Every structure is written in C-alpha cells, then in structure tokens.
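>>> build the 3D model from these lines:
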Amino acid sequence: MKRKMKVSFALLLPVLMLVFASLPAFASDVPADKYAYSLSGEIGTQSTRIELEEFDDNQNFRNILAEKNYKIVLVKDGAEIKFTPKEKMPAVVSYYTMDGAYGGALFWTIDGSEEAVNEIGANQTASTTLHKNYGGFTGGLYFVLEIGKGDQSTKIIYWVSEGSAPETTKTEQPSSTSSSDTTSGSNQPSEKPAAKPVQTAVVTATASVSKVLVDGKQVPFEAYNINNNTYFKLRDIAKAVDGTDKTFEVGWNSEHNAINLISGEAYTAQGGELAVSAHPQAKKATLSSSKVYLDDEEVTLTAYTIGGNNYFKLRDIAEALGISITFDSKTNTIGIVTNE
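Next up, the predicted model:
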C-alpha cells in the first residue's frame, strides 16, 4: 500500500506544478529603487475610505479602490509631482470626478515642454501639477499616479484639500433670452453682434473655462478662446463623439497639407486625445493654412495651430458635421449634442 501511495504522489506532482504555475501572480509595487519621486504641497493623508455607487463609467476607479492598500494623499492646490525613472517606465496621472467617472490624463512637463505621453524615458524628469478646479470640472477631483503596469505597478491617489481655481481668462459669451439657448451648430457660441474681427496670422489664445457636456455627460477639453469664439482640438472633438451618430474619422495628407474628415467612420485614436494641462496658459495661435476636406469635398473652416495641434472653431465643426450646440450663459456651459 505504501508503494502505491508514493507512485500516486509522484504522478500527481507534475500536475500540481502545472496548476500552480498557471495561477496569476499577486500584484506588487514597483521597487522604489527603480525611480525617484517627489511631491510638493503634501499636507497629510486621508484615512476615510472612498465609497462609490456602481456606474458603468466609474468601473476603472472602482477597480483601483478595490486594491486593499491604497492611500489618499491630501495636497494643496498647485502641488507638484516629479518623477524620474532609472529605466524607461510607464507613468501617467489620471483624474476622476467625485462619482468616479474618468476625466482624462494630465500632461507631463519634460525638458520645459508639455507632452501627452504615458511613458517616461530613462533618467528623464517629468513633472505635473494638481489643481482643485480645471478642465471644466469645479466640484473637486481625485488624481491617480500610476507607475508601471500589469502585475507590477504602484498607484497613489491624491485629493486637493484646499485652494482656488486656476487664473484663466473667461471670455464673455453672447447674451441669451433664456438660461439655456439651443440652436443649430451655426449659431452658438458665436461672435457678438459687432463687426467681424479681422483674422490675423498670429494671435493670443486664452484658455477657456467653460464646462462642456457631450450628450449630457461632462467631458474634459483643453479649449481656447480667440476673438470671442471657442476653439477645440479637432481630434478631441472626434474622440468625444466617436461611437455616436456624428462619429467621424480624421486623416492627414502631408503631401497636400490637407486634413481629411470622413463622416460616419469610426475615429482612430492617436494618443493624447482629451488630455488637459494642469494649469492651461495663454498660448500663441497661428492661422492654419491646411486645406480641409469633408467626404472628399473641400470645406471652409476657421482653424488655428496651437502647440502643434489644429484647433477649429466649434461653430464651424458643428455646422459641417450636423452637430447641435447649446450654451447656458448662467452656468457658462457648452453642450455638444449628437442625437438630435
């Protein structure tokens, strides 16, 4: 009997080894000696756990909160994160609304310029700042720094405990007869009933502080105001309406310096869409010379190049693609409506 038992265990051993080898490894933190990290403006930690209702659009944040050892760091408005990996490493700071919905990713500042990247090169120092209100969100935000990926990653949650909104210029919007005016895409937001300003090749674009709703859901945009009109990054608009009745693809023809828009075709993300700077500043805007084609027909759209990206007047894009625009002057809220 004893010999039979030994034979059984001997036969069973390879099976057990195979089973245990197939089990997923437990997630672990990225070793601290693999990077340098610093945080200015820390004022303490929060011991109270975050409790969220379950919604489809907050699953990612709930997954983060499901990790047993997460901590919440309390910081002042304008707190700065600095991160330097010793080898190339994924690193991103995302932000979430109070109900856990994903808002977007912050830009990293690397060698003095803002970059929409989610991986930092070896020995590069990347920094970003945390602000209580920006990107159109005014009710407070959770920020999550995630270093590494997969089974080896480190996550830190931040909450801006005090501070004021960034100082950005609020552009006056045209007066309305009611608290919420709904028109077709050609009328809102629009110029004041004054002489149309002469468009110059180089102008100053100021950061917009308007809140933006896409089909009723708040979406972060880094938009700019030029001559009392709001300009949006073309690829941000394409990303925001992707999957709706107004979805469109964006293509680039470098040989002919032309932008090709294809209505009804799913948008191909390039990375960096809907990223918002921690504290947007006024920037130089250059009138774009690129031609624009919609479904193979040339269209006239006012556009400026800001920071290497094409920004289009919201009114023009809406009219061309059949998107409706609303504007609530009391709450300074722009609505992008695709389902009308």
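>>> name the residues of stretch 222-236 that are buried.
Within stretch 222-236, the residues that count as buried by 16 or more other CB atoms under 10 Å are 222-227, 229-236. For glycine as for every other residue, the C-beta is placed from the backbone atoms N, C-alpha and C.
>>> next one: stretch 250-263
Val250, Ile259, Asn260, Leu261, Ile262.
>>> just flag the most distant two among those.
The span of the buried residues of stretch 250-263, defined through CB to CB, is set by Ile259 and Ile262 at 10.9 Å.
>>> who touches both of those two?
Both Ile259 and Ile262 are in contact with Gly251, where contact means CB atoms under 8 Å, 6 or more residues apart in numbering.
>>> where do the strands sit along the stretch 201-340 of the chain?
For the stretch 201-340 of the chain, the strands defined by DSSP state E, counting those that start in this stretch occupy 202-207, 211-214, 217-218, 224-226, 229-233, 248-253, 258-263, 283-287, 291-294, 297-299, 303-306, 309-313, 324-328, 333-337.
>>> and what of the stretch 51-200 of the chain?
So, for the stretch 51-200 of the chain - with DSSP E, counting those that start in this stretch - the strands run 72-76, 79-85, 89-96, 102-105, 108-110, 113-115, 119-120, 126-130, 142-149, 152-162, 181-183.
>>> residues in contact with the fifth one?
Okay, so that is strand 108-110. Here strand 108-110 has contacts from Ala91, Val93, Glu114, Glu115, Ala116, Val117, Ile120, Gln124, Thr125, Ala126, Ser127, Thr128, using CB under 8 Å, 6+ apart.
>>> please identify which of those residues is nearest to Ala79.
Thr128 (9.7 Å).
>>> across the sheet, point out what pairs with the closest one.
Per DSSP bridges, residues listed as beta-bridge partners of Thr128: Ile81.
>>> for Glu67, see how far away the residue nearest to the spatial centre of the chain is.
Geometric centre of the chain, nearest residue: Gly104, 2.7 Å, by CA atoms, centre = their mean. Noted for Gly104: a distance of 22 Å to Glu67, by CB to CB, to the nearest Å.
>>> surely Thr125 touches Lys82?
Yes - proximity of Thr125 to Lys82 meets the contact threshold set by CB atoms under 8 Å, at 6.1 Å.
>>> can you get me the start-to-end distance on stretch 72-85?
22 Å (CA to CA, to the nearest Å).
>>> please read the previous query as pertaining to stretch 306-323.
24 Å.
>>> just use 8 as the starting number from now, easier for me
Sure thing, new numbering starts at 8, so read that last one as stretch 313-330.
>>> got any ranges where the chain has weak pLDDT?
8-34, 62-64, 75-76, 141-146, 169-208 (pLDDT under 70).
>>> which non-adjacent residue is nearest Phe319?
Spatial nearest neighbour of Phe319, excluding adjacent residues (CB to CB, 6 or more residues apart in numbering): Ala310 at 4.8 Å.
>>> quick one: Gly329 from Lys246, how far?
Distance from Gly329 to Lys246, by CB to CB: 18 Å.
>>> who has more neighbours, these two?
Lys246 (21 against 13; other CB atoms under 10 Å).
>>> show the contacting residues for the closest residue in space to Ala245 that isn't next to it in sequence.
Residue nearest to Ala245 in three dimensions, not counting chain neighbours: Tyr274, with 4.4 Å by CB to CB, 6+ apart. Neighbour list for Tyr274: Arg242, Ala245, Lys246, Asp249, Thr254, Phe255, Glu256, Val257 [criterion: CB under 8 Å, 6+ apart].
>>> between which two of these is the distance greatest?
Across the contacts of Tyr274 (CB to CB), the longest gap, 13.0 Å, separates Arg242 and Thr254.
>>> now distance to His286 too, for the strands of the stretch 58-207 of the chain, in JSON lines please.
Listed next are the strands of the stretch 58-207 of the chain as JSON lines, based on distance: least, CB to CB, whole Å:
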{"stretch": "strand 79-83", "distance to His286": "14"}
{"stretch": "strand 86-92", "distance to His286": "11"}
{"stretch": "strand 96-103", "distance to His286": "13"}
{"stretch": "strand 109-112", "distance to His286": "14"}
{"stretch": "strand 115-117", "distance to His286": "10"}
{"stretch": "strand 120-122", "distance to His286": "10"}
{"stretch": "strand 126-127", "distance to His286": "20"}
{"stretch": "strand 133-137", "distance to His286": "6"}
{"stretch": "strand 149-156", "distance to His286": "13"}
{"stretch": "strand 159-169", "distance to His286": "12"}
{"stretch": "strand 188-190", "distance to His286": "31"}
